[in-house]
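> With the input below, show me the fold.
(one chain, ligands or ions: 1)
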Amino acid sequence: MARTYVVTGAASGIGQALATLLRRQGHRVIGVDVRSGDVVADLSTRRGREDAVDGVLDESGGRIDGVVANAGLALPVAQTVAVNYFGAVGFLDGLRPALAASSRAPRAVVTSSMATLMPVHPPLVEACLDGDEDRAMSIAADLEAMGPEVGALLYPSSKRALSRWVRRMAGRPQWAGAGIPLNAVGPGIVRTPMTAEMTATEEGRAGLASVVPMPLNGYLEAEQVASLLAWLVSEENTHVCGQTVYVDGGSDVVLRGDDVWSWHDTPVPVTTAHDTVTGQPASV
Ligand SMILES: NC(=O)c1ccc[n+]([C@@H]2O[C@H](COP(=O)([O-])OP(=O)(O)OC[C@H]3O[C@@H](n4cnc5c(N)ncnc54)[C@H](O)[C@@H]3O)[C@@H](O)[C@H]2O)c1
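Sure thing, here's the model as predicted:
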């Protein structure tokens, strides 16, 4: 059955590919972007987010089945935090009541990044998660003023905060409790206008390879990320909750290795046959 979806950043790259895919599947898509679309709004400002939410509610008549908060910037400037974190979270918060009103499998997903795995500026991440936009933007402005090398922390910090927000909120009454799966995707390098300059030269590609290893099939096309986003907001997704699903050609497994569960390890005093006689575990 045709669903009504909202996609931010729909004027370019991943958002454009997703809007095309969903329309081809027969769904209605309300595209939101600062450049052009059904709703033109600047998600980096509080006012712009309010306009975006109002515009979507007008266009949709107040019933929405899925929201994809995908718009983003990857520049070493403070505005990156305003769009990537506050733009996504504020927009989703604003549309959550309309999602909850849908009786047809409401879903939400954000476009995060494999950059969540890169070094971040922890005070900025905490200010974001505290919902303190003024403090976060003041820290972000300080980082920007220290030049592009330090400013490079802004993008991963915004995405780490976003993926943590998704995990923090997804299980709560207003999301899981209201029957709304909330998740993120974490792409590796995707061929879009955002990365065109970096991937155009040998030097740029070598620089990327040193921080974003992608042993499986190299760079992504926007359509490949769009397919995953489309599934996460589809009715088929009933139980994926609070995850950042890395679609990254392997950068997560290369960078984090095989044990992402060790936070849960507490020593349990057990002696098994493995320790004494057979070399095999006594039980599993
Ligand atoms: N391209 C990659 O390699 C890559 C990797 C990981 C994550 N991502 C994320 O994917 C998302 C989409 O990126 P893309 O690669 O398609 O880039 P893109 O530059 O092609 O598209 C981004 C879109 O967001 C819109 N946008 C930017 N600022 C906005 C604002 N203030 N208000 C409203 N719209 C705004 C732009 O106008 C543009 O249409 C971003 O969140 C990005 O961080 C991209």
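> Could you use CA atoms for every contact and neighbour count after this?
Noted.
> Name the nearest residue to A145, ignoring sequence neighbours.
Once flanking residues are discounted, A145 sits nearest to G151: 7.7 Å by Cα to Cα, 6 or more residues apart in numbering.
> The longest helix belonging to the chain - what's its average pLDDT?
Identified as the longest helix of the chain according to DSSP state H is helix 154-170. Average pLDDT, helix 154-170: 98.
> ok, and for that helix, which residues are buried?
154-167, 169-170 (16 or more other Cα atoms under 10 Å).
> With just CA atoms, put the helix or strand that contains Q224 into PDB.
Q224 belongs to helix 222-232 when assigned by DSSP states H and E. What follows is helix 222-232, C-alpha atoms only, in PDB (Å, rounded to 0.1, in the frame of the first residue of the first chain):
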ATOM      1  CA  ALA A 222      23.900   6.700  -3.400                       C
ATOM      2  CA  GLU A 223      21.300   4.100  -4.500                       C
ATOM      3  CA  GLN A 224      23.000   1.400  -2.400                       C
ATOM      4  CA  VAL A 225      22.500   3.500   0.800                       C
ATOM      5  CA  ALA A 226      19.000   4.400  -0.400                       C
ATOM      6  CA  SER A 227      18.000   0.700  -0.500                       C
ATOM      7  CA  LEU A 228      18.900   0.200   3.200                       C
ATOM      8  CA  LEU A 229      17.100   3.400   4.200                       C
ATOM      9  CA  ALA A 230      14.000   2.400   2.200                       C
ATOM     10  CA  TRP A 231      13.900  -1.000   4.100                       C
ATOM     11  CA  LEU A 232      14.400   0.600   7.500                       C
END
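> Get me the contact residues on this protein for the ligand.
When proximity is defined as Cα under 6 Å from any ligand atom, the chain approaches the ligand at 9-15, 33-35, 41-44, 70-74, 83, 111-113, 187-195.
> ok, of those, which come out buried?
9-15, 33-34, 41-44, 70-74, 83, 111-113, 187-191, 194.
> Which of the residues you listed fall within helices?
G13, I14, G15.
> thinking again about what came up before, the residue nearest to A145 and the ligand, how far apart?
G151 sits 15 Å away from the ligand, going by Cα to the nearest ligand atom, to the nearest Å.
> Helix, strand, or coil at V68?
strand (DSSP: H, G, I helix; E, B strand; the rest coil).
> show me the contacts for it.
V68 is in contact with Y5, V6, V7, T8, A108, V109, V110, T111, L229, V233, counting by Cα atoms under 8 Å, 6 or more residues apart in numbering.
> Identify the residue nearest the last one in space, chain neighbours excluded?
Closest residue to V233 in three dimensions, ignoring its sequence neighbours and counting by Cα to Cα, 6+ apart: R107, at 4.9 Å.
> quick one: contacts for the one you found?
Contacts of R107 by Cα under 8 Å, 6+ apart are D65, G66, V67, L99, I180, P181, L182, L232, V233, S234, E235.
> Now do the phi/psi pair for it.
Reported as degrees, to the nearest 10, the phi and psi values for R107 are phi -140, psi 150.
> That one pairs with what?
G66 (DSSP bridges).
> What's the separation between it and D252?
25 Å (Cα to Cα, to the nearest Å).
> could you give the mean pLDDT of the helix holding Q224?
98.
> buried stuff in that helix?
Applying 16+ other Cα under 10 Å to helix 222-232 flags A222, E223, V225, A226, L228, L229, A230, L232 as buried.
> Enumerate every residue touching the residue lying closest to L228 once chain neighbours are set aside.
Nearest non-adjacent residue to L228, counting by Cα to Cα, 6+ apart: V185, 7.7 Å away. Contacts here follow Cα under 8 Å, 6+ apart; on that basis V185 touches V109, V110, T111, S112, S113, L228, L229, Q243, T244, V245, Y246, V247.
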